[in-house]
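Novice: Build me a model:
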Amino acid sequence: MNNFLTAWGAFWAVWQTPIRIALIILVALVARGLLLLSVKRVIRTIVAGANGTSLPTAGLVANARVVQRSQTLGSVLSNFITWGIALVAISSILSELGVAVGALVAGAGIIGAALGFGAQSLVRDLITGIFIVFEDQYGVGDTVDLGEASGVVESVGLRVTKVRDAAGCIWYVRNGEIVRVGNQSQGWSRVVLDIPLAYESAIDDARSLILSTAKKLMSEPDFSSRQLAEPEVWGIELLTGDQVVVRLVQKVGPSDSDTVARELRSRIKAALDSAGVKLASSKTPIHLEVSGRTIG
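Specialist: Numbers count the residues shown, from 1 in each chain. A predicted model of the protein is given here:
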């Protein structure tokens, strides 16, 4: 027994540093694996719950946002876990080797400050991307206006957001360059139609006709689920010498404004034509006088 203890003491005296380093690496790998597995299981559960739900179009878009946010957050957490554990393990290993960690940390701080100053735009993109994801400013499938680019969001990353416009062009927008976001797909949207009528039109009859046409559309099965409230004619929006502009508004689902607006324009145009109500003309008459006679 004494011989074993003596041999173990001699072995430990020689190999204690490599053994401790090996244990530090082993514990770091196990801890990282367990934490990453937990993150993946949570993300997988959220994604499976979102994809397994049978919902209408608006619900599917919301589910796509949940999936995108979950995957992005999972990526962020995984990176934080990996780098955090790696830094702790490296610091512990350097301490075992007798290296002054404090001096290295101070030097690394200076280098990090220099790199941060040189790559401040990248850091700004990453930080802004994190806030966009956490605050759910927009998600996959949303119709947004980001300033220079507007369209449907196809991807939300920590550094870049991909937006496809109406012409099919995909825009890569750096998150740090986004100073304002107009999102037309959260909660609800509103169709606003300004209908220019000829000045001599019977406005009360035209208003009644426009409102009844909008209500008739709301009663149809294909559009009733898209509309969230009764249509309203707010009244005369603009009055000039040659036209009277009447405004119709309709509260609709977050992704239905374009579809409902197009159908309303078509139905209202047909109804006004049938009733003989004329829309205002954009032509401006020109009167010429030649030799005392008015021409044109």
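Novice: can I see the domain layout of the protein?
Specialist: Using automatic domain parsing, the domains assigned to the chain come out as 2-118, 136-183, 189-275.
Novice: Surely residue 147 touches residue 179?
Specialist: Yes: using CB atoms under 8 Å, residue 147 is in contact with residue 179, at 6.8 Å. Any C-beta I mention is one placed from the backbone N, CA and C, and that applies to glycine too.
Novice: follow-up on the earlier one: ok, which of the domains of the chain comes nearest residue 125?
Specialist: Closest approach to residue 125 among the domains of the chain is made by domain 136-183 (4.0 Å; CB to CB).
Novice: about what we covered before: export the domains of the chain to a markdown table and append columns for mean pLDDT, mean neighbour count and distance to residue 281.
Specialist: Formatted as a markdown table, the domains of the chain follow (pLDDT from 0 to 100; neighbours: other CB atoms under 10 Å; distance: least, CB to CB, whole Å):
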| stretch | mean pLDDT | mean neighbour count | distance to residue 281 |
| --- | --- | --- | --- |
| domain 2-118 | 73 | 13 | 39 |
| domain 136-183 | 86 | 17 | 28 |
| domain 189-275 | 88 | 16 | 7 |
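Novice: any chance of those domains in CSV, with distance to residue 127 too?
Specialist: Formatted as CSV, the domains of the chain follow (distance: least, CB to CB, whole Å):
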stretch, distance to residue 127
domain 2-118, 11
domain 136-183, 8
domain 189-275, 28
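Novice: mind checking the end-to-end distance for stretch 220-240?
Specialist: 36 Å (CA to CA, to the nearest Å).
Novice: can you give me how far it is from the chain middle?
Specialist: Chain-centre distance of stretch 220-240: 27 Å, with CA atoms, centre = their mean, to the nearest Å.
Novice: Now residue 197: which helix or strand?
Specialist: Per DSSP states H and E: residue 197 is located in strand 189-198.
Novice: Equivalent analysis for residue 134, please.
Specialist: Counting by DSSP H and E, the element that carries residue 134 is helix 120-135.
Novice: Would you indicate which residues of that helix are buried?
Specialist: 125-126, 128-129, 132-133 (16 or more other CB atoms under 10 Å).
Novice: Make a markdown table out of those residues and add distance to residue 187.
Specialist: Compiled in a markdown table, the buried residues of helix 120-135 are given as follows (distance: CB to CB, whole Å):
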| residue | distance to residue 187 |
| --- | --- |
| 125 | 28 |
| 126 | 28 |
| 128 | 23 |
| 129 | 23 |
| 132 | 18 |
| 133 | 19 |
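Novice: Widest-spaced pair of the residues you listed?
Specialist: Pairwise distances across the buried residues of helix 120-135 (CB to CB) peak at 12.7 Å, for the pair 125 and 133.
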